[in-house]
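Chemist: Turn this into a structure:
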Amino acid sequence: MTAALYDGADQCDEIRAEHAAAVELGFDAQFLSAGPLLGRPAVQYSNQAIFHPVAYLSALARAVHGDGSYVFDRAEFSEPIEDPLAVIVNGENVTCDYLIIATHVPLMGLTGLLSATLFQTKLYPYSSYVLGARIPRDAAEPGVYSDTSDPYYYLRVHDTGSQRYAIFGGADHKTGHVEDTAACYAQVERTLKKIFPAAAIERRWSGQVIETNDGLPYIGSTADRQFVATGFAGNGLTFGTLAGMMARDFVQEASNPWQALLDPKRKRLDAASLTTLLGENVDYPARFVLDRLRKDRRAEVRNVAPGEGRVIQRNGKSVAVHRTESGDVILVSAVCTHLGCHVRWNRAEQTWDCPCHGSRFTPEGLVLGGPAEEPLERIPLAG
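Modeler: Model (predicted):
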């Protein structure tokens with residue numbers, strides 16, 4: 001369900017326009033002048049499936065495994081080999097006929113550095129903050145709810161049998177662009193409590209959603225015998241399932257009705273998508289230069305408090321310093337191994353995040369999320 005967050009003619013007109021478009025496309029949609037939860041204009045979509053994503057993936061894994069097919073976890077891909085086509089996984093050479101990269105932000109794979117880098121400039125990682133909470137059984141019906149604010153909030157309500165469970169998120173921002181990330185959690189919690197005052201919060205986490213300039217994912221071939229799937233935004237279950245169907249058709253060399261629309265090589269740019277493309281990518285040159293001009297000469301290792309991180313200048317280099325809660329100091333290079341921007345400390349998640357293309361690293365510099373594929377250089381504390 002989509003609902004207006006605030007009262008007003010603009011929001012109501014927007015909701016009515018969505019309803020009209022949905023009906024024209026053949027969806028079973030109803031306009032509600034007073035929707036559930038907030039009592040504001042909403043569009044309700046009937047006859048939608050609700051299922052548990054982990055149970056869904058577990059069933060898929062069981063269906064794949066066997067009869068010559070295998071599913072492995074804890075299997076790190078390090079690099080591809082072109083001739084004959086193979087990948088190195090945990091130090092072992094695994095040959096294959098096709099390479100399918102479904103890694104959130106695609107690895108370079110067989111496309112080469114320049115081509116992979118250009119493709120990654122069309123992907124925009126946003127951080128999103130989520131809470132899991134028990135709510136009263138009569139507080140809301142099971143379903144998916146979103147609103148029209150910017151950034152928007154989203155809500156999933158599950159029926160666990162004995163109670164209702166809410167997954168509520170929002171406060172999205174470009175990865176690495178907000179220093180006080182704990183405030184994002186506080187904002188989401190305040191909004192959740194307005195909707196469900198009796199909510200008992202049990203969990204919190206953050207994740208990344210990958211946006212594109214035209215709002216559609218990139219699913220298809222990027223090189224000979226190589227297939228990628230990315231840019232799902234907040235619709236991973238839907239587009240992930242579609243990507244699996246398209247990957248099957250790719251391997252079987254069969255046509256697919258979505259192939260042209262979602263082609264990673266598409267060059268369709270209207271005014272809105274061109275504005276998005278230029279606006280999202282202005283960060284890289286600006287931050288690359290400004291990071292090197294912005295030097296806090298007063299920042300020193302001893303000024304970094306437990307649990308905090310800071311970028312300092314040390315021996316002519318930009319160094320990312322983190323002090324653990326127990327007082328141990330960890331030093332790594334502040335230069336992101338993707339395209340050289342300086343990482344920033346994420347206080348709530350205790351990670352180093354790149355504000356240019358969204359790479360994330362542990363305090364020790366290990367890669368948590370791409371497009372970076374190499375860890376940050378460790379720097380000895382001595383000297």
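Chemist: Could you use CA atoms for every contact and neighbour count after this?
Modeler: Noted.
Chemist: which residues sit in contact with residue 96?
Modeler: Contacts here follow Cα atoms under 8 Å, 6 or more residues apart in numbering; on that basis residue 96 touches 85-87.
Chemist: Secondary structure and distance to residue 346 added to the residues you listed, as JSON lines?
Modeler: Below are these laid out as JSON lines (DSSP: H, G, I helix; E, B strand; the rest coil; distance: Cα to Cα, whole Å):
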{"residue": "85", "secondary structure": "coil", "distance to residue 346": "39"}
{"residue": "86", "secondary structure": "strand", "distance to residue 346": "36"}
{"residue": "87", "secondary structure": "strand", "distance to residue 346": "33"}
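Chemist: mind giving me a markdown table with these and columns for distance to residue 128 and pLDDT?
Modeler: Output for the contacts of residue 96, formatted as a markdown table (distance: Cα to Cα, whole Å; pLDDT from 0 to 100):
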| residue | distance to residue 128 | pLDDT |
| --- | --- | --- |
| 85 | 37 | 90 |
| 86 | 35 | 91 |
| 87 | 32 | 89 |
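Chemist: Neighbour-wise, which one of those residues leads?
Modeler: Within the contacts of residue 96, most neighbours by other Cα atoms under 10 Å means residue 87, with 20 neighbours.
Chemist: which one among the contacts of residue 96 gets closest to residue 130?
Modeler: Nearest to residue 130 among these: residue 87, at 34.9 Å, using Cα to Cα.
Chemist: Would you map the strands across the stretch 101-250 of the chain?
Modeler: Per DSSP state E, counting those that start in this stretch, the stretch 101-250 of the chain carries strands over the ranges 124-135, 143-147, 154-159, 164-174, 200-211, 218-223, 226-230.
Chemist: closest one to residue 29 among those strands?
Modeler: Residue 29 lies closest to strand 143-147 among those, at 13.9 Å (Cα to Cα).
Chemist: Measure how that closest one sits relative to strand 154-159, angle-wise.
Modeler: 160 degrees (axes from the mean of the first three to the mean of the last three Cα atoms, to 10 degrees).
Chemist: Strand 143-147 vs strand 164-174, what angle?
Modeler: Using the same axes, to 10 degrees: strand 143-147 against strand 164-174 is 30 degrees.
Chemist: What strands flank strand 143-147, and is each parallel or antiparallel?
Modeler: strand 2-3 (parallel), strand 154-159 (antiparallel) (DSSP bridges).
Chemist: Could I get the full set of helices for the chain?
Modeler: 9-24, 53-64, 113-120, 181-195, 236-251, 271-281, 283-293 (DSSP state H).
Chemist: Could you check the fifth one and say which residues are buried?
Modeler: Burial within helix 236-251, assessed by neighbour count using 16 or more other Cα atoms under 10 Å, is assigned to 236, 239-240, 243, 246-247, 250.
Chemist: Kindly report the same for stretch 91-102.
Modeler: In stretch 91-102, counting by 16+ other Cα under 10 Å, buried: 95, 99-102.
Chemist: between the helices of the chain, which gets nearest to residue 323?
Modeler: Residue 323 lies closest to helix 181-195 among the helices of the chain, at 17.8 Å (Cα to Cα).
Chemist: Please enumerate residues in contact with that closest one?
Modeler: So helix 181-195 is contacted by 37-38, 129-131, 168-171, 199, 346-349 (Cα under 8 Å, 6+ apart).
Chemist: model confidence over it, on average?
Modeler: Averaging pLDDT along helix 181-195 gives 93.
Chemist: Report the angle between it and strand 164-174.
Modeler: On the basis of the same axes, to 10 degrees, helix 181-195 is oriented at 140 degrees to strand 164-174.
Chemist: Please point out which parts of helix 181-195 sit buried.
Modeler: Across helix 181-195, burial judged by 16+ other Cα under 10 Å covers 181, 184-185, 188-189, 192.
Chemist: List the contacts of residue 129.
Modeler: So residue 129 contacts 169-172, 184-185, 188, 204-207 (Cα under 8 Å, 6+ apart).
Chemist: re earlier: save the helices of the chain as CSV, and put in distance to residue 155 too.
Modeler: Converted to CSV, those look like this (distance: least, Cα to Cα, whole Å):
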stretch, distance to residue 155
helix 9-24, 18
helix 53-64, 15
helix 113-120, 29
helix 181-195, 9
helix 236-251, 15
helix 271-281, 26
helix 283-293, 30
